[in-house]
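# give the three-dimensional model of this entry:
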Amino acid sequence: MRFVKGHGTENDFVILPDPDGALDLTPEAVARLCDRRAGIGADGVLRVVRTKAMDLDAGDAGDVGGAQGLDGAEWFMDYRNADGSVAEMCGNGTRVFARYLVDAGLAAPGEWDIATRAGLKRVTLGASGDVSVDMGAPVALGPGEASLAGAVFRGERVSMGNPHLACRIDRPVAALDLTRAPDFDPAVFPEGVNVEFYRLLADRHLEMRVFERGSGETRSCGTGTVAAAVAAAGAAGPGEWTVDVPGGRLTVVLDGRTSHLRGPAVLVAEGETRPGWI
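Alright, predicted model coming up:
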């Protein structure tokens, strides 16, 4: 199995080129690849497959399927969390996915769409440098809460195609213990939830840490940074936000219609797994 390793602000991925959809990618195989001690190590897997090789009508793309016109994009980002579960969307992963396509000669620098389980995502990138993704319109769903180490944190529920709870705190985010998952009400979040903890540092500038469902704490979360910016913006309206995460810095632009995420996407290694290992 050929692979490439990449990251976006240290949110890291194993990229599996599979243009014809030939891989039988089981949850167990994904978990082995992502294992940081016995595998390659990653927060998730990005399978690179042509959209026409996906059986959209059979549900390969989740509920959105062909109704979203996914077959209008050449490439489908089949994203899996580190525990092998399927996820709808990954903002950092989309940037890394786009950088891989250009680096591999499968797409030209410029502006084009990637198909995901959360619909089409338009990316803009050059031959090198940062990648920008149109993340779509955030959907604010109202207040929610989670608990951590016996403390209750209240925040805003935001859908970015995947579920988020963005909680504002008034102390440095580094002080939080995220070695265990926050507790939440499964009746409110039946599909689980990514929980962000953010603190305002200055005008339109915040710091954030995140616990992602299926992966644990990660160094960065693209959809989570947008969700945190949406929660922080409240009724303040459109604008550009700087979001510092443990793995670096991202820029979120909210324009009242959609949201854009801009930041680095780096490919660091490539190789192949040993025969029979998976």
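# OK, contacts around the residue positioned nearest the centre of the chain?
Per Cα atoms, centre = their mean, the C-alpha nearest to the average position across the chain is that of residue 90, at 2.0 Å. The contact partners of residue 90, taken as Cβ atoms under 8 Å, 6 or more residues apart in numbering, are 11, 44, 46, 77, 79, 222-223. (Each C-beta comes from the backbone N, C-alpha and C, glycine too.)
# wait, isn't residue 48 in contact with residue 18?
Yes - with contacts counted by Cβ atoms under 8 Å, residue 48 reaches residue 18, the gap being 6.2 Å.
# which of these two has more neighbours?
Per other Cβ atoms under 10 Å, whichever of residue 48 and residue 18 has more neighbours is residue 48, with 20 against 17.
# how about residue 106, nearest residue that isn't a chain neighbour?
Computed as Cβ to Cβ, 6 or more residues apart in numbering, the closest residue to residue 106 that is not its neighbour in sequence is residue 75, at 7.1 Å.
# the one you found - how many residues pack around it?
Using other Cβ under 10 Å: residue 75 sits among 21 other residues.
# please apply the same query to residue 36.
Residue 36 has 11 nearby residues by other Cβ under 10 Å.
# got the confidence number for the residue nearest to it when sequence neighbours are not counted?
Leaving out its chain neighbours, the residue that sits closest to residue 36 by Cβ to Cβ, 6+ apart is residue 42, at 8.0 Å. Listed pLDDT for residue 42 reads 97.
# which SS class is residue 42?
Under DSSP: H, G, I helix; E, B strand; the rest coil, residue 42 falls in the coil class.
# where in this structure is pLDDT low?
Counting by pLDDT under 70, the low-confidence segments of the chain come to 56-68, 235.
# outline the domain layout of it.
Listed domain ranges for the chain are 2-134+264-272, 139-257 (source: automatic domain parsing).
# which stretches in the stretch 51-200 of the chain count as helices?
Counting by DSSP state H, counting those that start in this stretch, the stretch 51-200 of the chain has helices at residues 91-103.
# show me where it has strands.
For the stretch 51-200 of the chain, applying DSSP state E, counting those that start in this stretch gives strands covering 75-81, 110-116, 119-125, 131-134, 139-148, 151-159, 163-168, 194-202.
# out of those strands, nearest to residue 95?
Nearest of those to residue 95, taken as Cβ to Cβ: strand 131-134 at 3.9 Å.
# burial count for residue 202?
Using other Cβ under 10 Å as the criterion, residue 202 is surrounded by 7 other residues.
# separation between it and residue 238?
18 Å (Cβ to Cβ, to the nearest Å).
# export the domains of the chain as a markdown table, with columns for distance to residue 278.
What follows is the domains of the chain, written out as a markdown table (distance: least, Cβ to Cβ, whole Å):
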| stretch | distance to residue 278 |
| --- | --- |
| domain 2-134+264-272 | 5 |
| domain 139-257 | 19 |
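# hmm, residue 125 is touching residue 100, no?
No - under the criterion of Cβ under 8 Å, residue 125 makes no contact with residue 100, lying 10.9 Å away.
# so residue 249 belongs to a strand, correct?
Yes - the assignment for residue 249 is a strand, going by three-state DSSP.
# who's in contact with it?
9, 242-243, 263.
# just these: which are in strands?
Counting by DSSP state E, these place 242-243, 263 in strands.
# which of these sits closest to residue 182?
residue 243 (19.4 Å).
# neighbours around the residue nearest to residue 36, how many?
Residue 42 has 24 nearby residues by other Cβ under 10 Å.
# that one and residue 33, how far apart?
7 Å.
# which residues touch residue 212?
With contact set as Cβ under 8 Å, 6+ apart, residue 212 has these partners: 43, 81, 194, 218, 221, 224.
# including distance to residue 24, could the strands of the stretch 51-200 of the chain go into TSV?
Formatted as TSV, these follow (distance: least, Cβ to Cβ, whole Å):
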stretch	distance to residue 24
strand 75-81	13
strand 110-116	21
strand 119-125	26
strand 131-134	29
strand 139-148	34
strand 151-159	31
strand 163-168	28
strand 194-202	28
